[in-house]
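Visitor: with the input below, show me the fold.
(one chain, ligands or ions: 3)
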Amino acid sequence: MQTFRLQRNPDGPDRLEVPLRGRALLAHPMYNKGTAFTAEERRGFGLEGMLPERTSSGEVQRKRTYQAIVRKDDPIERYIGLAALQDRNEVLFYQLLQEHLDEFLPIVYTPTVGQACKKYSHIFRRGRGLWITPRDKGRIDEILGNAPYDDARLIVVTDNERILGLGDLGAGGMGIPIGKLALYTVAAGIHPSQCLPISLDVGTDNEALLNDELYVGFREKRLRGEAYDELVEEFIQAVKRRFPKALLQWEDFKKANAFRLLDRYADRLLSFNDDIQGTAAVTLAGVMAGCRILGQSAAEQRVLILGGGAAGIGIARQLREWLRRDGVEGEALTRAIAVLDSKGLIIDDGSISDEHKKDFAWRPEDAKAIGIDPEGDKGLETVVAALKPTVLLGTSGQPGIFTREVIESMQAGAERPIILPISNPTANTEARPEDLIHWTKGRALVATGSPFDPVEYEGETHEIAQGNNVYIFPGVGLGALAVEARSISDRLFTVAAESLAECISQADLDKGRLYPQMSGLRDITRHIALTVARACIEDGLAEEPVGGIEAAVDHLMWEPEYPEMVPV
Ligand SMILES: NC(=O)C1=CN([C@@H]2O[C@H](COP(=O)(O)OP(=O)(O)OC[C@H]3O[C@@H](n4cnc5c(N)ncnc54)[C@H](OP(=O)(O)O)[C@@H]3O)[C@@H](O)[C@H]2O)C=CC1
Ligand SMILES: CC(=O)C(=O)O
Ligand SMILES: [Mg+2]
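Guide: Ligands and ions are numbered 1, 2, ... in the order given. This is a model prediction of the structure:
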């Protein structure tokens, strides 16, 4: 592991100690400046003759590189181009990502990252991050010692079993931690040398991958049970030893492991689960914005969540607290939130095997009270007709399951329904915004997990905001790191949701947008981070940093600019 010696300088370029020369320097994405190396740098670092003569200004270099990427129309080709850039020149990669966020976010993140994960073994060029397999048992400390830098502050780890709504993608799931960490750098400014993507490649139950001769991952059935738990435990111990200041984000674990690991490690390690907690916060913010547009209170809402997994139950937990804060209690509180899984409305009939669902199961008499036969049909259409939800949330990964009948039936009880089909990627959305807007005659307030184009309806343009945890995790991570929090609580996600909701302008609300413009992501993230950092201190999870919270947050927010390079 190397120490990356970058001295931050608020008044000019940062200062970087550079131990490399010649080809090794050009080949290193964290030091390489490509055609932007000046004549003096070329002389000093042994690069003369190795680059074409003309030094490009930053602007020209960005223009050339941007054009080289967008000359390909196919999103997956753009993904490959951007990944190659990231592996060649990180400063330039982040400059372009920041400058063209609206255009490139759907490439490095949902939806294209999903396609890249699916095709991973077929488009593989170069490894990034670390893979840990069951063969590494007893040696995980050593594997972590192969991380490129010794000061990892952010680890995003997946075991690849539930990649977006695409299921078990084996080693290909690595695209997700890489994409999430790229967003940490873009949104929160965490320096890329402090970001470490990790895949716990414990095998795959995806037969197509197991039978694919090009598959690059651990070609065995998934490790499960005690052996899985032991591997994760060794991994966590090794993380604590190697990277004691790191925050670990659990990402895209399937529901049972997602809940179990979050609970097991929440107090032992600075960590959170993005799909459970981050998604809950972004959804709460969207629902709050919807209520503001409608001039309604929390207590007036009836919520139907389709999907009782990591995302669905995480959301149910945050929304229940929100309703409680607005004075809803007892039976009314239970009946204000209906969660449906693949078997329909979750009812406490003694057959629930998933522990995390029990808290939201309705008693049979609750179902009967709204006219649902607990022994009979308790599917989506029936529950919508009986509950008359005002808010409909999709976390099932099932494309098109919010049908016209369902939406029309919902609108019969809620003239302006709030509808968030947040499953990813695009093809897995529960409904397309265009349909939702048309079926509700332009009345629905809609946000989706993946980006969608605006919808025209009767001369009006409906912008579709993205209800995605990218609005939340960078701010929570940045805030917690800035004050060196000891642990992360659910309340931090509540305050993150509230501060995200504060970022929406009246003009956006007037247009029916449920989230602020994505182009403001960096400012939004900073705002959330400050709130989260303050909450950490109020709740005794951290001490006030010397110099104050703002300085601590700003110190971590790196801007992708070429540093002054100092030979060592
Ligand atoms: N926009 C965002 O920020 C985020 C979006 N997501 C998206 O949410 C989706 C789900 O993720 P996650 O919760 O982690 O996945 P899980 O696998 O943990 O849960 C999926 C849930 O959907 C339920 N389900 C499956 N089929 C149906 C059906 N036909 N009708 C009703 N429910 C069904 C499952 O039921 P059962 O329990 O019976 O198997 C399960 O409860 C993914 O597409 C993911 O991309 C996730 C996180 C963030
Ligand atoms: C966005 C995200 O975390 C997911 O779809 O899993
Ligand atoms: Mg996820």
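Visitor: going forward, measure contacts between C-alpha atoms and count neighbours the same way
Guide: Noted.
Visitor: show me how this structure divides into domains.
Guide: As given by automatic domain parsing, the domain ranges for the chain are 111-269, 277-467, 471-556.
Visitor: with mean neighbour count added, can I get the ones you listed in a markdown table?
Guide: Converted to a markdown table, the domains of the chain look like this (neighbours: other CA atoms under 10 Å):
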| stretch | mean neighbour count |
| --- | --- |
| domain 111-269 | 20 |
| domain 277-467 | 20 |
| domain 471-556 | 21 |
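Visitor: and those as JSON lines, adding distance to ligand 1 and mean pLDDT?
Guide: Shown next, in JSON lines, are the domains of the chain (distance: least, CA to the nearest ligand atom, whole Å; pLDDT from 0 to 100):
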{"stretch": "domain 111-269", "distance to ligand 1": "3", "mean pLDDT": "97"}
{"stretch": "domain 277-467", "distance to ligand 1": "3", "mean pLDDT": "97"}
{"stretch": "domain 471-556", "distance to ligand 1": "9", "mean pLDDT": "97"}
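Visitor: list the residues that contact Arg526.
Guide: 188, 475, 478, 553 (CA atoms under 8 Å, 6 or more residues apart in numbering).
Visitor: greatest separation within those: which pair is it?
Guide: Gly475 and Val553 (9.9 Å; CA to CA).
Visitor: mutual contacts of those two, please.
Guide: When contacts are counted by CA under 8 Å, 6+ apart, Gly475 and Val553 have 526, 529 as shared neighbours.
Visitor: so the closest residue to Gly129 other than its chain neighbours, which of the three states?
Guide: Counting by CA to CA, 6 or more residues apart in numbering, Gly129 lies nearest to Pro197, which is 4.7 Å off, once chain neighbours are set aside. In three-state terms, and counting by DSSP: H, G, I helix; E, B strand; the rest coil, Pro197 is strand.
Visitor: start at 661 instead
Guide: With the count now opening at 661, the last piece we talked about shows up as Pro857.
Visitor: for Pro857, list each beta-bridge partner.
Guide: As for beta bridges, Pro857 partners with Val816 under DSSP bridges.
Visitor: quickly note the distance from it to Pro689.
Guide: Look at Pro857 and Pro689: by CA to CA, to the nearest Å, they are 16 Å apart.
Visitor: which residues of the chain lie near ligand 2?
Guide: Neighbours of ligand 2 within the chain, by CA under 6 Å from any ligand atom: 824, 912, 935, 1084, 1128-1129.
Visitor: surely Leu1201 is in a helix?
Guide: No: when the secondary structure is assigned by three-state DSSP, Leu1201 falls in coil instead of a helix.
Visitor: please, where are all the strands along the stretch 861-1010 of the chain?
Guide: In the stretch 861-1010 of the chain, strands defined by DSSP state E, counting those that start in this stretch lie at 907-910, 931-933, 963-966, 997-1001, 1004-1005, listed in chain order.
Visitor: one more: the stretch 1111-1228 of the chain?
Guide: Under the criterion DSSP E, counting those that start in this stretch, the stretch 1111-1228 of the chain contains strands at 1115-1117, 1120-1122, 1125-1126, 1224-1227.
Visitor: so what strands line up beside the shortest one?
Guide: The partner list of strand 1125-1126 in its sheet, established with DSSP bridges, is strand 1105-1108 (parallel).
Visitor: and for the longest one?
Guide: Here strand 1224-1227 has these sheet partners by DSSP bridges: strand 675-678 (parallel).
Visitor: what sits against the residue nearest to Ala1087 when sequence neighbours are not counted?
Guide: In space, Ala1087 comes closest to Pro1059 once its chain neighbours are excluded; the distance is 6.5 Å by CA to CA, 6+ apart. By CA under 8 Å, 6+ apart, the contact list for Pro1059 reads 1087-1091.
Visitor: out of those, who's nearest Gly1102?
Guide: Using CA to CA, the shortest approach to Gly1102 within the contacts of Pro1059 belongs to Ala1091, at 14.8 Å.
Visitor: check which helix or strand the residue lying closest to the closest one once chain neighbours are set aside maps to.
Guide: What sits nearest to Ala1091 in space, not counting adjacent residues and going by CA to CA, 6+ apart, is Gly1060, at 4.8 Å. Assigned by DSSP states H and E, Gly1060 falls within no helix or strand.
Visitor: Gly1060 contacts Glu1090, doesn't it?
Guide: Yes: at 4.5 Å, Gly1060 and Glu1090 qualify as touching, with contact defined as CA atoms under 8 Å.
Visitor: how near is the nearest residue to Arg1023 once chain neighbours are set aside to Pro1049?
Guide: Once flanking residues are discounted, Arg1023 sits nearest to Asp1008: 5.3 Å by CA to CA, 6+ apart. The gap separating Asp1008 from Pro1049 is 21 Å, by CA to CA.
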